[in-house]
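A.B. asks: Below is the sequence, then the predicted model.
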Protein chains: 2
Amino acid sequence: MATLKVRATLKIPSHVPSPEEDSEQLRKAFQGWGTNEGLIISILGHRNAAQRKLIQATYAATYGEDLLKDLDKELSSDFERAVVLWTLDPAERDAYLVNEATKRLTSNNWVIMEIASTRSSLELFNAKQAYQARFKRSIEEDIAYHTSGDLRKLLVPLVGTFRYEGDEVNTVLAKSEAKLLHEKIAEKAYNHDDLIRIVTTRSKAQLNATVNHYNDEFGNAIDKDLETNLEDEYLKLLKATIQCLTYPEKYFEELLRMAINKLGTDEWALTRVVTTRAEVDLQRIAEEYQKRNSIPLDRAIANDTSGDYKSMLLALLGHDD
Amino acid sequence: MATLKVRATLKIPSHVPSPEEDSEQLRKAFQGWGTNEGLIISILGHRNAAQRKLIQATYAATYGEDLLKDLDKELSSDFERAVVLWTLDPAERDAYLVNEATKRLTSNNWVIMEIASTRSSLELFNAKQAYQARFKRSIEEDIAYHTSGDLRKLLVPLVGTFRYEGDEVNTVLAKSEAKLLHEKIAEKAYNHDDLIRIVTTRSKAQLNATVNHYNDEFGNAIDKDLETNLEDEYLKLLKATIQCLTYPEKYFEELLRMAINKLGTDEWALTRVVTTRAEVDLQRIAEEYQKRNSIPLDRAIANDTSGDYKSMLLALLGHDD
């Protein structure tokens, strides 16, 4: 947990008010003329997942209302989405995001891939349980039903595998599987069973060794060799999957860069990355961002957003209000 | 839990000795001239999983030895396998059986299918954790690596899915998916993506509704329609998967019938069914067996086995020693 905290951006005050005090302040923020957005940010934007959970429980017990529903009622647009996603318990948030991504109008295979690949095995399992509790179906059946062809072939085992997380690496296996990956990629057999098997089932440490060996032995990084057709959604997703599994900070940096540089910022991607990573590794992602873009992530986000939405994102990035 | 107990055959004495007493008696059974097999059966054959776990822990603390290793050293052949498999914690036993089934010399896709399909979602998850703790790899990577082609296509999502276990049934979906299954089976497209998706990801209640609708609408039970080629391992396994998911007692009855009627009993199958089901639903399986074979299961097993092995199986079937 110590390493996680070092890489997080979330800032928690040295003296945290009791859940009762926080609930009371939030209730006040909703009342009277207009909502006090600053107060909401100053509370929720500086509490960790366990603290937010306690606030939600206390709020429900005290006022007989669901805090998330009240936030939904009082806030709007990008600010609302950021506050609600952030306030959700991480497993419930992942379940919510995957469900949204399997619906026709908000369909997004990237979100499914990202959650399946960047969460720890236990976090993904918790998301599966939260999904069933909320939607009365399994995450696997909804993803399998929503997808088809090569995308289904990749995403179903990606989300299904309870990946081993030990550090052990089998070097002989890494070499033979690097060779196999190279052969299949040279043949443009990007959807080959064994290629998908290796990516979707090997431990991250093992896959990383395989990818390193690929680079050493065949002169090119695997992601360069996969950049042959930038129009092919499956191929782009396959490349991103390998990146998420072996170098997630780089994946998130690229995602943020595209979201911010886009004509009309992609607020959904921006909100998703900031709310899902602020307690995990947003510090590392911000370092990658600055290295690649020569501007600090918080300044880039501040330039591209405004109002309460901007304040909320900056709070999660570790700014004082 | 109450329903499980009613369907189990395991008999536990009304006064269960303490783990210390049981450990001491087991230790005695190993000492002196020859092993006291009857004593071992009278203890381990009448303790549930929680009690056996306590005995193992107490034995290790008292004698500094692993009970399973001592059983392995003192016993032999079919009797040894029955006692060791039975004594193992259910999750560790499943992990052990799947690992064995992915090894070349003891390869067995049926065991993988059976464990993936007949365990509850949480039992399967526990087996995955036990597998990682013991073998330092994921169950998914070993199964995917061990298999290929259609068998891999079926088995990987089968073991990967954390299946929803609620009772809710979507009737509209059951009808449309029954139609889809019928179309694919009529086209002999037994390995079709959607057919595999339905079988491997839908809840057991939902799949059962689909199979019932198939029967009502198309005049044949789905397993009859899948019996077109008894030489095709994939097709046989697919049929058995559907049976395991919707009518496991019938699957186990058939497995026992084949194991017992075989020229030279199939002790591995017999031992596996009795040790893995004695605490779960062996009573129901025995009822199915008697209905289909006009002989009680215990008598059929007694006719076909002998010695300590026979005594151990009969103990697990609920006989007094």
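C.D. replies: Arrived safely, thanks for sending.
A.B. asks: Tell me the spacing between the spatially closest residue to A:E65 that is not a sequence neighbour and chain B.
C.D. replies: Among residues not flanking A:E65 along the chain, A:Y59 sits closest, at 7.0 Å (CB to CB, 6 or more residues apart in numbering or on different chains). C-beta: built from backbone N, CA, C; applies to glycine. Using CB to the nearest CB, to the nearest Å, we find A:Y59 at a distance of 28 Å from chain B.
A.B. asks: elements contacting the helix or strand hosting A:Y59?
C.D. replies: Secondary-structure element containing A:Y59, defined by DSSP states H and E: helix A:49-63. Helix A:49-63 sits against helix A:19-30, helix A:37-44, helix A:67-74, helix A:77-87, with contacts defined as 3 or more CB pairs under 8 Å, 6 or more residues apart in numbering or on different chains; DSSP states H and E.
A.B. asks: Please convert these to TSV, extending it with distance to B:R197.
C.D. replies: Compiled in TSV, the helices and strands packed on helix A:49-63 are given as follows (distance: least, CB to CB, whole Å):
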stretch	distance to B:R197
helix A:19-30	44
helix A:37-44	40
helix A:67-74	33
helix A:77-87	29
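A.B. asks: Excluding chain neighbours, what is closest to whichever residue of the stretch 51-200 of chain A sits closest to chain B?
C.D. replies: Relative to chain B, the nearest point of the stretch 51-200 of chain A is A:G160 (2.4 Å; CB to the nearest CB). Among residues not flanking A:G160 along the chain, B:G160 sits closest, at 2.4 Å (CB to CB, 6+ apart).
A.B. asks: Equivalent analysis for A:L67, please.
C.D. replies: In space, not counting the residues next to it along the chain, A:L67 is nearest to A:Y59; the distance is 4.3 Å by CB to CB, 6+ apart.
A.B. asks: ok, now A:I198?
C.D. replies: Spatially, and ignoring its direct neighbours in sequence, A:I198 is nearest to A:E177 (5.2 Å; CB to CB, 6+ apart).
A.B. asks: Was I right to think the one you found contacts A:T210?
C.D. replies: Yes: here A:E177 lies in contact with A:T210, judged by CB atoms under 8 Å, at a distance of 4.9 Å.
A.B. asks: Overlap in contacts, the two.
C.D. replies: Residues touching both A:E177 and A:T210 (CB atoms under 8 Å, 6 or more residues apart in numbering or on different chains) are A:I198, A:R202.
A.B. asks: more neighbours, the two?
C.D. replies: Counted by other CB atoms under 10 Å in any protein chain shown, A:E177 and A:T210 do not tie: A:T210 has more neighbours, with 28 against 25.
A.B. asks: For the more buried one, what is the enclosing helix or strand?
C.D. replies: Using DSSP H and E, A:T210 maps to helix A:204-218.
A.B. asks: Quick one: list the elements packing against that helix.
C.D. replies: Counting by 3+ CB pairs under 8 Å, 6+ apart, helix A:204-218 packs on helix A:171-186, helix A:193-201, helix A:222-225, helix A:233-246.
A.B. asks: thinking again about what came up before, now the helix holding A:Y59, how far from the centre of its chain.
C.D. replies: 24 Å (CA atoms, centre = their mean, to the nearest Å).
A.B. asks: picking that back up, can you redo the helices and strands packed on helix A:49-63 as CSV with mean neighbour count?
C.D. replies: Shown next, in CSV, are the helices and strands packed on helix A:49-63 (neighbours: other CB atoms under 10 Å in any protein chain shown):
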stretch, mean neighbour count
helix A:19-30, 18
helix A:37-44, 19
helix A:67-74, 16
helix A:77-87, 21
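A.B. asks: now the ones you listed as a markdown table including mean pLDDT?
C.D. replies: Below are these laid out as a markdown table (pLDDT from 0 to 100):
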| stretch | mean pLDDT |
| --- | --- |
| helix A:19-30 | 96 |
| helix A:37-44 | 96 |
| helix A:67-74 | 96 |
| helix A:77-87 | 97 |
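A.B. asks: Quick one: closest of those helices to B:A29.
C.D. replies: Evaluated over the helices and strands packed on helix A:49-63, closeness to B:A29 peaks at helix A:19-30, with 56.9 Å, by CB to CB.
A.B. asks: Which residues does the closest one contact?
C.D. replies: Contacts for helix A:19-30 (CB under 8 Å, 6+ apart): A:17, A:35-37, A:39-40, A:43-44, A:47, A:51, A:54-55, A:57-59, A:62-63, A:67, A:70, A:74.
A.B. asks: Give me the angle between that helix and helix A:77-87.
C.D. replies: Angle of helix A:19-30 versus helix A:77-87, following axes from the mean of the first three to the mean of the last three CA atoms, to 10 degrees, is 170 degrees.
A.B. asks: can you dump the C-alpha coordinates of helix A:19-30 into CSV?
C.D. replies: C-alpha atoms of helix A:19-30 as CSV (Å, rounded to 0.1, in the frame of the first residue of the first chain):
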residue,chain,number,x,y,z
PRO,A,19,-17.9,11.0,8.4
GLU,A,20,-20.7,12.7,10.4
GLU,A,21,-19.1,16.1,9.9
ASP,A,22,-18.4,15.5,6.2
SER,A,23,-22.0,14.3,5.6
GLU,A,24,-23.4,17.3,7.3
GLN,A,25,-21.3,19.6,5.2
LEU,A,26,-22.3,17.9,2.0
ARG,A,27,-25.9,18.1,3.0
LYS,A,28,-25.4,21.9,3.6
ALA,A,29,-23.7,22.2,0.2
PHE,A,30,-26.9,20.9,-1.5
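A.B. asks: show me the contacts for the most centrally placed residue in chain A.
C.D. replies: For chain A, the residue nearest the mean C-alpha position is A:T276 (4.8 Å; CA atoms, centre = their mean). Neighbour list for A:T276: A:L85, A:P90, A:R93, A:D94, A:L97 [criterion: CB under 8 Å, 6+ apart].
A.B. asks: In which helix or strand does it reside?
C.D. replies: Going by DSSP H and E, A:T276 is in helix A:267-277.
A.B. asks: now do the same end-to-end measure for stretch A:102-109.
C.D. replies: 8 Å (CA to CA, to the nearest Å).
A.B. asks: in which helix or strand would I find the closest residue to A:Q132 other than its chain neighbours?
C.D. replies: Of all residues not flanking A:Q132 in the chain, B:Y164 sits nearest, at 5.1 Å (CB to CB, 6+ apart). Taking DSSP H and E as the criterion, no element holds B:Y164; it sits outside all helices and strands.
A.B. asks: I'd say B:Y164 and A:E141 touch.
C.D. replies: Yes: with contact defined as CB under 8 Å, B:Y164 reaches A:E141; the gap is 7.1 Å.
A.B. asks: what is in contact with these two at once?
C.D. replies: Jointly contacting B:Y164 and A:E141 under the rule CB under 8 Å, 6+ apart are B:S203.
A.B. asks: just for the stretch 1-150 of chain A, where's the confidence low?
C.D. replies: For the stretch 1-150 of chain A, the stretches with pLDDT under 70 are A:1-5.
A.B. asks: let's see it at 80
C.D. replies: Scanning the stretch 1-150 of chain A for pLDDT under 80 picks out A:1-6, A:32.
A.B. asks: Around chain B, which positions in it sit nearby?
C.D. replies: A:125, A:128-129, A:132, A:136-141, A:144-145, A:148-149 (CB under 8 Å from any CB of the partner chain).
A.B. asks: And the buried ones among these, selectable in PyMOL?
C.D. replies: A single PyMOL command is used to select the members of these judged buried by 16 or more other CB atoms under 10 Å in any protein chain shown:
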select buried, chain A and resi 125+128+129+132+137+138+139+140+141+144+145
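A.B. asks: Going by distance to B:R299, which of the residues of the stretch 1-150 of chain A next to chain B wins?
C.D. replies: The closest of the residues of the stretch 1-150 of chain A next to chain B to B:R299 turns out to be A:S138 (CB to CB; 41.6 Å).
A.B. asks: Would you confirm that the closest one contacts B:A205?
C.D. replies: No: counting by CB under 8 Å, A:S138 stays clear of B:A205, with 12.0 Å between them.
A.B. asks: Thanks a lot, catch you later.
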